[in-house]
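Visitor: only geometry, no sequence info:
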């Protein structure tokens with residue numbers, strides 16, 4: 001039987017209960033080290049301005065959408081992205097309010113048809129001025145058709161609607177994002193102990209969240225950033 005939207009969202013919200021603990025202590029030392037290296041490489045003297053600063057002075061929520069096939073293969077993916085994106089923007093922007101990730105996951109579970117509704121209505125129901133939608137078009141960890149070679153990719157779109165505008169259902173800002181890991185000059189087989197599924201997923205998702213959230217606040221990027 002094909003998984004339903006409610007089944008998939010239930011899977012995501014099921015892992016959300018332990019998501020904070022997983023993010024804080026469930027990753028291996030190698031995965032944490034990989035993310036620390038990524039963050040260190042992103043720190044330099046290149047100042048980059050926000051492409052959209054409209055979260056400042058307003059309340060916001062970030063919702064994440066992925067197709068059923070992706071959610072079936074990676075049932076905690078939406079929960080992880082929801083957690084990371086909302087927390088990062090809460091910390092880095094001057095927004096006046098946000099909705100805790102678990103509450104957002106609860107909302108999507110209780111309202112599985114939100115994906116088909118006008119986004120202005122969703123923002124109004126959530127009680128926020130700005131709704132950020134991250135739509136994941138592709139998420140994979142392996143080379144297509146070859147699960148023996150790590151070749152991770154995330155492709156997605158980040159869009160924003162302003163619920164208090166005259167066109168609350170229209171995107172006022174949209175950006176396509178693609179990140180890859182491992183990098184092009186590196187090829188790892190799945191049996192290579194230097195590269196595990198956890199490392200690929202953790203670094204890949206860290207790169208995507210960086211790119212998705214950097215759009216909303218002034219930040220620094222490395223001269224030699226590779227993604």
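Guide: Received the coordinates, thanks. Keep in mind it's a predicted model, so treat the numbers as computed, not measured. Residues are numbered from 1 along each chain as shown.
Visitor: Near residue 220, how many other residues are there?
Guide: Neighbourhood size, residue 220 [other CB atoms under 10 Å]: 12. Just so you know, the C-beta spots here come from the backbone N, C-alpha and C atoms, and that holds for glycine as well.
Visitor: What are the buried residues along the single longest strand found in the chain?
Guide: Secondary structure of the chain per DSSP state E: the longest strand is strand 146-162. Judged by neighbour count (16 or more other CB atoms under 10 Å), strand 146-162 contains these buried residues: 150-162.
Visitor: And stretch 50-66, by the same measure?
Guide: In stretch 50-66, counting by 16+ other CB under 10 Å, buried: 50, 52, 54-55, 58-66.
Visitor: same thing with stretch 163-174?
Guide: 163, 168, 171, 173.
Visitor: wait, residue 156 sits on residue 208?
Guide: Yes. Between residue 156 and residue 208 there is a contact under CB atoms under 8 Å: 6.8 Å.
Visitor: shared neighbours of those two, anything?
Guide: Taking CB atoms under 8 Å, 6 or more residues apart in numbering as the contact rule, residue 156 and residue 208 both touch residue 177.
Visitor: Report the mean confidence score over the helix or strand harbouring residue 207.
Guide: If you go by DSSP states H and E, residue 207 is part of helix 197-214. For helix 197-214, mean pLDDT is 95.
Visitor: chain center to that helix, what's the gap?
Guide: 8 Å (CA atoms, centre = their mean, to the nearest Å).
Visitor: Relative to the helix or strand just after it, what are the paired strands and their orientations?
Guide: Next helix or strand after helix 197-214 toward the C-terminus (DSSP H and E): strand 219-221. Here strand 219-221 has these sheet partners by DSSP bridges: strand 46-48 (antiparallel).
Visitor: so where do the strands sit in the protein?
Guide: 46-48, 59-66, 97-98, 130-143, 146-162, 171-181, 188-189, 219-221.
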